[in-house]
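Novice: After the sequence you'll find the predicted model.
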Amino acid sequence: MKNEIVTSDITVVGGGLAGVCAAIAAARLGQTVSLVQNRPVLGGNASSEVRVWVCGATSHGVHRNARETGIMGEMFVENQYRNIDGNPYIWDLIVLEKVKAEKNITLFLNTDVHEVEAEGDDTSRTIRSVTGWMMGSERRIRFDSRVYLDCTGDGLVGFLAGAKFRIGREAQEEFNEEWAPLVPDDITLGSTLLFYTKDAGRPVKYTPPSFAKDITQTTIPMKRVIRSGDNGCAYWWIEWGGELDTVHDNEKIRDELSSVIYGIWDYIKNSGKFDCENLTLEWIGSVPGKREYRRFVGDYVLNQNDVIAQELFEDRVAFGGWSIDLHPPQGMYATAKGSKHMHMDGSYHIPFRSLYSSNVSNMLMAGRNISASHVAFGTTRVMATCAVIGEAAGTGAALCAAKGVSPRELHGSHLSELQQTLLRQDAAVLGLKNEDTSDLVLSASLSASSTLTQLALEQSAAVMPLTAHTAVLVPADPFIEGVELLLDASEATVLTVELWSTGKPQNYVPHTQVTTVQIAVAKGSKQWIKAPLSWHPDTAQNAFIILRSNPALSVHLSAAPQSGILSFKNMETADSADFGDMHHHQPVVDWSSKDFVRKPLCFRLLSPTSAFTANKAANGYKRPYGGPNLWSSAALTAGKPEWLEASWPKPVPIRAVQLTLNDDVNEDLINLHHHRTEFEIIPELVKDYKLQAYIGGDWKTVAEGLNNHTRHHTHTFSETLETDRLRVLVESTNGSARAEVVEIRCYS
């Protein structure tokens, strides 16, 4: 046996996406990090060993403008570029490469931490070291750090350190949660194994193993959706163990899940009910994907009411948007549907107080083990949300290590610094503005070569009957005086149009009706019909304009998307047969955008807009929030670059420039691709650009980006620039007709 001691500023235990993002975030802030993972690959449930989709705030496209940014966003966009077909092994490499790119991270794979040295009493404890065994190498490694992050999912490190935790479901009365049981219990969500199939191009027989479950003797064929062409996460419902101990009974749970998969495949191949002659079983998981175990108690326990109300926590550091998604305790054997869902109206906030232990002074947590009730955990548990929580916790850990303070002290005395650091790193935080006093652009004046001021989508690519209520969302910045709509009418009729506000700035549902009009429409095709809807809101926000259903009318869909514009159809009762039971009255589900992906309604805004002016690139917001929050040029033509310029009354010293380019966070991306887009690179992203400084009476190129496919860029200069004017010159995009920049920052 070889005994070793590894010393670093921070030790992160757990190499799922929460741990990966925590380690990267801390390392980028200059702290040395030991990242310890007990498997041979990173990614946890997202890895090629388990192959669960990385879901997050978009909720499979239910929520708008909700895709995560920051480190998780980087991995989504990189995977889209390099792995558009969703190969799970390429995804492994993208995650691994992201870690290996950080010189401050030392990675320890195949290292199982099962010893923790901690001191203190039950009310206040401190971790002194954690020790792991590196399998296959006979190395016993002790990790000494100032700060520890438990990103293990199961919460083993915190448990061994004496951190307060919970397992199971709280009683309804504790947090007044509608979906909590009347009496507390130890029931959790179960675990899942997945499988993949492929077409062998010739007939393939299948002889099941002796231990395969005869699923015809269960409720599975009657209560679950089985299709020969489905595999992977389409079988998320192969779940069991919620009434057992998902850790101590892990082997029993795996064996049961495995027997059912072989039985499902026997049913598909040999029942005669499916067209599957050429299909073969390509892969079956051997590591159960766990959903739930310990949840640590922090200084705040996030609960159902916080999530549904989208509570605006002062200490918000991350956001989520997946529905509260709870499953029956019996899993795949339940007679109820495999899941039930309660959606909030838009993305919700996650407080920093839920990311550190209430009684272990130097421990933070990230992932499915954060401080949340069982019901709230039903949404925070999905991996992209775990990832952005990881980035927030890792950022907090880095500041704690640098300042020599506890997470609680960081919250009490340095909360603004934590939040501003997250914004500077492009992390997924909502509703916070850039107030970084060292950002020189906050004292600059911004101008541009041109600005998009007239919003119109006039070129028709398709026609859709107005058989359901249909809507278009536009920015009301600073006001609107109505819209024109491109319609066909089979007969003379009357169109009813309503204008609604959306409530919270991150929401994209009708909330409060502002005004309504009725317009006579003559029989005819491709008519521009004017709807005079006047609204002068107190602050710039989005307007949700509803066209009431009318079978005599059809609307036209545009040939191209437009940033800041969304379209919706009212589904009234969403088809959830394949997914689960939906809670009553969920506007975000009722109003679907699935029919309008990159082809919103044709319209003309009757008033000019200020939603895309140059100063939007320095208004403090890094993503859509009450408006698009970006600068857009009026157009972009070959050979005629567009530019965005920051200028100061006198020269300022600039050593670094940060650019955030528009990667359309409304586009739903996923690592293993339940859908395939037509493009590898988000079309709105700037492709070729130059940074130019005005020096000695002339523009000098000081940096450039060529063939770009990513969102966030930092250009650091070897020598300080002294200039009173700096601009980003956009020469081309990856498909968009306009140059778009979300934010520009300058630092000395």
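Specialist: Great, that's in hand.

Novice: hey, let's count contacts and neighbours off CA atoms from now on
Specialist: Fine.

Novice: So in this protein, which strand runs the longest?
Specialist: Counting residues, the longest strand found in the chain (DSSP state E) is strand 712-733.

Novice: List the buried residues of it.
Specialist: Buried residues in strand 712-733, counted by 16 or more other C-alpha atoms under 10 Å: 712, 715-716, 721-733.

Novice: now do stretch 153-165
Specialist: For stretch 153-165, the neighbour count (16+ other C-alpha under 10 Å) marks Gly153, Asp154, Gly155, Leu156, Val157, Gly158, Phe159, Ala161, Gly162, Ala163, Lys164, Phe165 as buried.

Novice: Show only the entries of these found in helices.
Specialist: Leu156, Val157, Gly158, Phe159, Ala161 (DSSP state H).

Novice: Now do the first one against Asn707, distance only.
Specialist: The spacing between Leu156 and Asn707, counted by C-alpha to C-alpha, to the nearest Å, is 44 Å.

Novice: How about the second one?
Specialist: Taking C-alpha to C-alpha as the criterion, Val157 is separated from Asn707 by 44 Å.

Novice: next one: the third one
Specialist: Gly158 sits at a distance of 45 Å from Asn707 (criterion: C-alpha to C-alpha).

Novice: hang on, the earlier thing: which two from the buried residues of stretch 153-165 end up farthest apart in space?
Specialist: Gly153 and Gly162 (16.2 Å; C-alpha to C-alpha).

Novice: what about the helices in the stretch 51-200 of the chain?
Specialist: Applying DSSP state H, counting those that start in this stretch to the stretch 51-200 of the chain gives helices spanning 70-82, 88-100, 156-161, 172-175.

Novice: what's the closest of the ones you listed to Val388?
Specialist: For those, the distance to Val388 is smallest for helix 70-82, at 6.6 Å, taking C-alpha to C-alpha.

Novice: follow-up on the earlier one: so which of the buried residues of stretch 153-165 would you say is closest to Phe612?
Specialist: The closest of the buried residues of stretch 153-165 to Phe612 turns out to be Gly153 (C-alpha to C-alpha; 42.1 Å).

Novice: quick one: least confident helix or strand in this structure?
Specialist: strand 581-582 (a mean of 68; mean pLDDT, DSSP states H and E).

Novice: Next secondary structure after that one?
Specialist: Using DSSP states H and E, the helix or strand that follows strand 581-582 towards the C-terminus is helix 587-590.

Novice: Mind checking what helix or strand follows that following helix in sequence?
Specialist: strand 591-592.

Novice: For the helix or strand hosting Gly263, give me every contacting residue.
Specialist: Assigned by DSSP H and E, Gly263 belongs to helix 250-270. With C-alpha atoms under 8 Å, 6 or more residues apart in numbering as the test, helix 250-270 has contacts from 191-195, 205-209, 211-216, 226-228, 238-241, 246, 274, 276-277, 281, 286-288.

Novice: now with 6 Å?
Specialist: With C-alpha atoms under 6 Å, 6 or more residues apart in numbering as the test, helix 250-270 has contacts from Phe211, Ala212, Lys213, Asp214, Ile215, Gly241, Phe274, Pro288.
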